[in-house]
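[1] A predicted structure for the sequence below; I have some questions about it.
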2 protein chains.
Amino acid sequence: MRSVRKDWSPAEPLLYATLSMPLLVLFAREATKPREQTMHIDDLILVSVDDHVVEPPDMFKGHIPTKYKERAPRVTTKDDGTDAWVFEGQQATNVGLNAVAGRPPDEYGLEPTRFNEMRPGCFDIHERIRDMNANGVLASMNFPSYPQFCGQYFARADDKDLALAVLRSYNDWHVDEWCGTYPGRMIPLSLPPMWSVDEMADEVRRMSKKGCHAVTFSENPEKLGYPSFHSAHWEPFWAACSDEDTVICLHIGSSSQVVVTSIEAPIDTLITLQPINIVQAAADLLWSPVLRKFPEITFALSEGGIGWIPYFLERVDNVYRHHRAWTHQDFGDKLPSEVFLDRILTCFIEDAFGLESREKLNLDMITWECDFPHSDSTWPQSPEILANHLQGLPDEDVVRITHRNAMRVFSFDPFSHVPREQATVGALRSQARDVDLGYRSSARLKKSGSELVSVMSLASRTASSD
Amino acid sequence: MRSVRKDWSPAEPLLYATLSMPLLVLFAREATKPREQTMHIDDLILVSVDDHVVEPPDMFKGHIPTKYKERAPRVTTKDDGTDAWVFEGQQATNVGLNAVAGRPPDEYGLEPTRFNEMRPGCFDIHERIRDMNANGVLASMNFPSYPQFCGQYFARADDKDLALAVLRSYNDWHVDEWCGTYPGRMIPLSLPPMWSVDEMADEVRRMSKKGCHAVTFSENPEKLGYPSFHSAHWEPFWAACSDEDTVICLHIGSSSQVVVTSIEAPIDTLITLQPINIVQAAADLLWSPVLRKFPEITFALSEGGIGWIPYFLERVDNVYRHHRAWTHQDFGDKLPSEVFLDRILTCFIEDAFGLESREKLNLDMITWECDFPHSDSTWPQSPEILANHLQGLPDEDVVRITHRNAMRVFSFDPFSHVPREQATVGALRSQARDVDLGYRSSARLKKSGSELVSVMSLASRTASSD
């Protein structure tokens, strides 16, 4: 009951006014009851703040200005039959673990792949919505694939007018077409033209007018050849995000660097470390001037997990106490941990320990991710796996984590398009009973033998298949 | 009571036999009682598995063979008055945050320093024992300073016979003199001659005969130019450690690499990340063949903290389940997390969250560190700060964490030299009431102004003071 009462959408003020008297009575009566979980798995409402679109080959059609039509990125099929985007002399393959949903686990890998080896829900919005329904997911925010997390692929073009036209077309396609086809189902997310901070600020404002309040940025721009979080360079961008209530999403891997402990290390090492590497961005950001100078902006640590954060917060406060006398850090009347808890949106796919430790986090800033169609995704069993993690949490906390925090932080209101009773896991799944959830296999991608897959062997295997 | 009953030393079998009957009666009666904490702070017995020796200038006297006497490392005073070790054309300054105990926090920093600016307990064993007494610490394991964590300073010598003679002299000095002067007060720790795996194995066996069951090694030997954990190269070394019950200690920073997020980042970023960077070694080691091929050896993650570990263990098990079908990892009937919990000694200085989460860890493999004389040390308030962290833990868990685990894992028995009743915080402190615990100040090192200290500004400041 609590979740229904507290989780009204902006469209419900009249209903609220009508019902407020009995609800207040109910509230008074319930106030003495222990907070408890009464919610059934079918009643969950799931909003995922991190999934991925594999951009379809025709994405620029109708969006790119005629002048640049011939020079926009396009898909080509290579001699080995795999597909790649080409643009200004660059090639981007649909590699890796980036579209393995529905594939048997022994076909995972980093090889370049083909559109016809992927589940159509990776790139076809109609099929994507059906895949979301089959997984009971109401809404989703989609990060880019071939342009890389901050549009580096576009930024590398020598002709920056072309790059800007392409990037804007990408954003228009993303908001108008990918998100716009099924209103209320996709949280829009824009790419930034990183080569010009003024253009970045303009694009944030332009996208905000279209209802987009999220932008993907780098966990470490210095590693991409740009100034760091510590530079005043980015201030026009931060200011625009602050003005427009636009959340800056730092996805793992968005520094284009992976931590390679050893070239001989098995690939499992790299996969293990990918999410927690975001701790570097968390520290960099927290000790930078950004959060203190722009007290309204919010950052998201996309796919960063949550279970390591209580340790991290204790550490930063210890460092502040031990070292501030000589490092001259000043957080005023707050501790660094408090600034983090107020301003950093935290995001998890599977993180039972993080949820058990939730009292050390800010329950208003914890969000859930599905990560479709990547290899860490829980699709199509997300409701079951998440419900298992949420056991023991009171309904109101379940509501915050599963959708209300994401809605508030990203200024996103699915319920003005999808009635609440049609937004639940049970309701969505009932529309998708015909979706085929069986594995689709490709002999080409099957891994045979028992040899360990190392960073090195994989790199050479990928190279030899090119 | 439980702690007294269960925490007997090997020297106490007679006492145990005499008292066993009434104790068994008491045990049967207590078994139904809840586990609780009854211990007073003065009753704690503290064994620290991570402190640091600043080697004294006369350390080679009486240890180095005559043949190499003139070529052994020696201390020189530079033109700016700071001290440095010189050896085979290399210079190693006593820089940094490595000897700040007893200094006001606004004098911390990374500048090269002088012996006479340090607290004598950094390098003088008699004063060190007094400083340990003043902090209630019974025993301590000391990592090296100028030779670096794995003796890289010696390994760089072209003449490897010289290097081996110097390294063995170092180990002899460490065990016979630094640890031997006050029996039962120092846990011995040897350096490995990394340039020869056979010499490493021999040195482990030689040191074991002297009662030394710990060796310091690199968290990532590949970063030092050697083969990685994944290479068969190290097997003679692992085998010797396995045979001799020698623990391999991987101290943070022992890959000689720090994570620099950005050259403009404030130094606080680097300090924050130093401990948790060990997560890379943890992943590298766990997915390597070492733990599975040598099922008896133990590694320690020295100064790595513990609060991030439950998150990490959940992550590695998830990676194993999601990816083993194509990466071909095989842990037999165990999960990777179980192998970690059995075989990795975990170590913390201050980690309240880690202790709150102890049920996710192996309580027999958690140890405490003082980190004297580094800047993260809790000296001289270790008992008070640790007791605060230990609140609510039953006595038997306090005993495990404060000393019994360290004693067992490092095959170290202080109680055969120091009677238990003289080993407590209260007893040790009562011997050290005259130790001056006031700050000792040096105008040269004081940081004035309010300018932030960044990685870059510190690097240039250090350079200009050279």
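    Here it is on my side, so go on. Numbering: from 1, shown residues only, chains lettered A, B, ... in the order given.

[2] got the contact list for stretch A:162-170?
    Identification of contacts with stretch A:162-170 by C-beta atoms under 8 Å, 6 or more residues apart in numbering or on different chains yields A:55, A:59-60, A:63-65, A:67-68, A:71-73, A:87-88, A:144, A:147, A:151, A:154-155, A:157, A:191, A:193, A:195-196, A:199, A:203, A:206. C-betas here are computed from N, CA, C, even on glycine.

[3] that stretch: how far from the chain's middle?
    22 Å (C-alpha atoms, centre = their mean, to the nearest Å).

[4] same thing with stretch A:324-336?
    Its chain's C-alpha centre and that of stretch A:324-336 lie 31 Å apart, by C-alpha atoms, centre = their mean.

[5] average pLDDT across that stretch?
    The average pLDDT within stretch A:324-336 is 95.

[6] ok, now stretch A:430-440?
    94.

[7] tell me which stretches of the stretch 151-300 of chain A form strands.
    Applying DSSP state E, counting those that start in this stretch to the stretch 151-300 of chain A gives strands spanning A:186-187, A:214-217, A:247-251, A:299-302.

[8] and the pLDDT for A:Tyr182?
    For A:Tyr182, the pLDDT comes out at 98.

[9] actually, A:Arg35.
    76.

[10] OK, contacts around it?
    Contacts of A:Arg35 by C-beta under 8 Å, 6+ apart are A:Arg2, A:Pro394, A:Asp395, A:Glu396, A:Asp397.

[11] got the residues of the stretch 301-450 of chain A near chain B?
    Residues of the stretch 301-450 of chain A lying near chain B by C-beta under 8 Å from any C-beta of the partner chain: A:305-308, A:310-312, A:314-316, A:318-320, A:322-330, A:350-354, A:357, A:360, A:375-376, A:447, A:449-450.

[12] filter these down to the buried ones.
    Taking 16 or more other C-beta atoms under 10 Å in any protein chain shown as the criterion, what is buried in those is A:305-308, A:310-312, A:314-316, A:318-320, A:322-324, A:326-329, A:350-354, A:357, A:360, A:375-376, A:447.

[13] helices - which of those residues land there?
    Under the assignment DSSP state H, those contribute A:310-312, A:314-316, A:318-320, A:322-324, A:326-327, A:352-354 to helices.

[14] filter the contacts of A:Arg35 to the buried ones?
    The neighbour-count test (16+ other C-beta under 10 Å) marks A:Arg2, A:Pro394, A:Asp395, A:Glu396, A:Asp397 as buried among the contacts of A:Arg35.

[15] distance check, the second one against A:Leu341.
    As for A:Pro394, its distance to A:Leu341 is 20 Å (criterion: C-beta to C-beta, to the nearest Å).

[16] for the last one, same thing?
    If you measure A:Asp397 against A:Leu341 using C-beta to C-beta, the figure is 16 Å.

[17] A:Cys179 reaches A:Asp172, doesn't it?
    No - in terms of C-beta atoms under 8 Å, A:Cys179 does not count as a neighbour of A:Asp172; the distance is 10.6 Å.

[18] and those two? Which one has more around it.
    It is A:Cys179, of A:Cys179 and A:Asp172, that has more neighbours when counted by other C-beta atoms under 10 Å in any protein chain shown, with 25 against 20.

[19] what's the farthest-apart pair in the buried ones among the contacts of A:Arg35?
    Within those, A:Arg2 and A:Asp397 form the most distant pair, 9.8 Å apart (C-beta to C-beta).

[20] so where is chain A shaky, pLDDT-wise?
    Residue ranges of chain A with pLDDT under 70: A:1-34, A:95-97, A:457-466.

[21] tell me which residue is most central in it.
    A:Asp50 (2.5 Å; C-alpha atoms, centre = their mean).

[22] secondary structure element for that residue?
    Per DSSP states H and E: A:Asp50 is located in strand A:46-52.

[23] give me the distance between A:Pro120 and chain B.
    23 Å (C-beta to the nearest C-beta, to the nearest Å).

[24] repeat that for A:Glu222.
    4 Å.

[25] give me the neighbour count for that residue.
    If we define neighbours as other C-beta under 10 Å, then A:Glu222 has 20 of them.

[26] please apply the same query to A:Thr346.
    Neighbours of A:Thr346 using other C-beta under 10 Å come to 23.

[27] same check, this time on A:Ile41
    Neighbourhood size, A:Ile41 [other C-beta under 10 Å]: 15.

[28] how about the one 5 residues further on?
    Neighbourhood size, A:Leu46 [other C-beta under 10 Å]: 24.

[29] give me the beta-bridge partners of it?
    Beta-bridge partners for A:Leu46, by DSSP bridges, are A:Val137.

[30] my read: it touches A:Thr367, true?
    No - look at A:Leu46 against A:Thr367 with C-beta under 8 Å: they stay out of range, at 10.7 Å.

[31] residue boundaries of the helices in the stretch 51-200 of chain A?
    Secondary structure of the stretch 51-200 of chain A, counting by DSSP state H, counting those that start in this stretch: helices at A:125-134, A:152-155, A:160-172, A:197-209.

[32] can you tell me which of those is most buried?
    Of the helices of the stretch 51-200 of chain A, the one with the most neighbours on average (mean count of other C-beta atoms under 10 Å in any protein chain shown) is helix A:152-155, at a mean of 24.

[33] packing partners of that helix?
    Under the contact definition 3 or more C-beta pairs under 8 Å, 6 or more residues apart in numbering or on different chains; DSSP states H and E, helix A:152-155 sits against strand A:83-87, helix A:160-172.

[34] B:Pro236: which of those is closest?
    Using C-beta to C-beta, those put strand A:83-87 closest to B:Pro236, at 47.2 Å.

[35] residues contacting that closest one, please?
    So strand A:83-87 is contacted by A:55, A:71-78, A:91-94, A:112-115, A:146, A:153-154, A:157, A:166 (C-beta under 8 Å, 6+ apart).

[36] so which of the helices of the stretch 51-200 of chain A comes closest to B:Val247?
    Of all the helices of the stretch 51-200 of chain A, helix A:152-155 sits nearest to B:Val247, with 44.7 Å by C-beta to C-beta.

[37] returning to that earlier point: can I get the helices and strands packed on helix A:152-155 in JSON lines including distance to B:Asp83?
    JSON lines is the format used below for the helices and strands packed on helix A:152-155 (distance: least, C-beta to C-beta, whole Å):
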{"stretch": "strand A:83-87", "distance to B:Asp83": "58"}
{"stretch": "helix A:160-172", "distance to B:Asp83": "54"}
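
[38] nearest to A:Thr269, out of those?
    Closest to A:Thr269 of the helices and strands packed on helix A:152-155 is strand A:83-87 (C-beta to C-beta; 27.9 Å).

[39] picking that back up, what sits against the spatially closest residue to the residue nearest to the centre of chain A that is not a sequence neighbour?
    Nearest residue to A:Asp50, sequence neighbours excluded (C-beta to C-beta, 6 or more residues apart in numbering or on different chains): A:Glu369, at 3.7 Å. Shown in contact with A:Glu369 (C-beta under 8 Å, 6+ apart): A:Ser48, A:Val49, A:Asp50, A:Asp51, A:Ser302, A:Glu303, A:Cys347, A:Phe348, A:Ile349.

[40] just to revisit the earlier point, between the helices and strands packed on helix A:152-155, which one is closest to A:Val279.
    With C-beta to C-beta as the yardstick, what comes closest out of these is helix A:160-172 (29.6 Å).

[41] what about the closest one, distance to the chain center?
    Centre-to-centre, helix A:160-172 and its host chain are 22 Å apart (C-alpha atoms, centre = their mean).

[42] what does stretch A:326-342 give?
    Relative to its chain's centre, stretch A:326-342 lies at 27 Å (C-alpha atoms, centre = their mean).
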